[in-house]
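Peer 1: When you get a sec, could you give me coordinates for this:
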Amino acid sequence: MKRIDRRGKRRARRGMVLLEVMTALFVFTIVAFSLVMALDSSFDAAMDRNEADMAIRGLKNQMALLHAAQVVPGESDAPDDGSGILYHISVTQAQMQDQKSLPVPSMYSVTITATWKSRGQDEERDVTELIYQP
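Peer 2: This is a model prediction of the structure:
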């Protein structure tokens, strides 16, 4: 009769379990690291989108303020609104003609430029509109 060494099989099985656990932990670490990187990049993209959205809303507000006030040709900076976004306003007399080739008075081309810093880089958006004030 042959004797079966049960101790040797147990030791081999224990070594296999340890290898399986280490492999599972390695795979879990890789997946977790990938998820963290994806989450970080999505947070950065959301922050950039929110900053651009805030600048666009500020441009609309500045344009609404210009529509409500008397437009004067020239360049100026809008007062700081506390958002960290700087607005530069440029107003020029628009050279337009009516159907009879006569110049249209009180027509202005307005450009508002918003500048801000996002992650150490300068960002900029602008909007241009024609305003008629009789």
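Peer 1: on contacts alone, who are the packing partners of the helix or strand of the chain with the lowest mean pLDDT?
Peer 2: When each helix and strand of the chain is scored by mean pLDDT, DSSP states H and E, helix 6-68 comes last, with a mean of 88. Under the contact definition 3 or more Cβ pairs under 8 Å, 6 or more residues apart in numbering; DSSP states H and E, helix 6-68 sits against strand 86-93, strand 107-118, strand 121-132. (Glycine included, C-beta is placed from N, CA and C.)
Peer 1: quick one, that helix and strand 121-132 angle?
Peer 2: Between helix 6-68 and strand 121-132, the angle formed by their directions is 30 degrees, by axes from the mean of the first three to the mean of the last three Cα atoms, to 10 degrees.
Peer 1: circling back to that earlier point, of the helices and strands packed on helix 6-68, which is nearest residue 73?
Peer 2: Minimum separation from residue 73 across the helices and strands packed on helix 6-68 (Cβ to Cβ) falls at strand 86-93, 5.0 Å.
Peer 1: What lies in contact with that closest one?
Peer 2: Contacts to strand 86-93, defined as Cβ atoms under 8 Å, 6 or more residues apart in numbering, come from residues 58-59, 62, 66, 71-78, 80-81, 107-116.
Peer 1: how about the nearest residue to the residue positioned nearest the centre of the chain, chain neighbours excluded?
Peer 2: If you average the C-alpha coordinates of the chain and look for the closest C-alpha using Cα atoms, centre = their mean, you land on residue 48, 1.9 Å from that point. The shortest distance from residue 48 to any residue that is not its chain neighbour, by Cβ to Cβ, 6 or more residues apart in numbering, is 6.0 Å, and that residue is residue 118.
Peer 1: List the beta-bridge partners for that neighbour.
Peer 2: Assessed by DSSP bridges, residue 118 has beta-bridge partners residue 121.
Peer 1: which residues sit in contact with it?
Peer 2: For residue 118, counting by Cβ under 8 Å, 6+ apart, the contacting residues are 47, 48, 51.
Peer 1: do that again at 10 Å, thanks
Peer 2: When contacts are counted by Cβ atoms under 10 Å, 6 or more residues apart in numbering, residue 118 touches 44, 47, 48, 51, 52, 55, 84.
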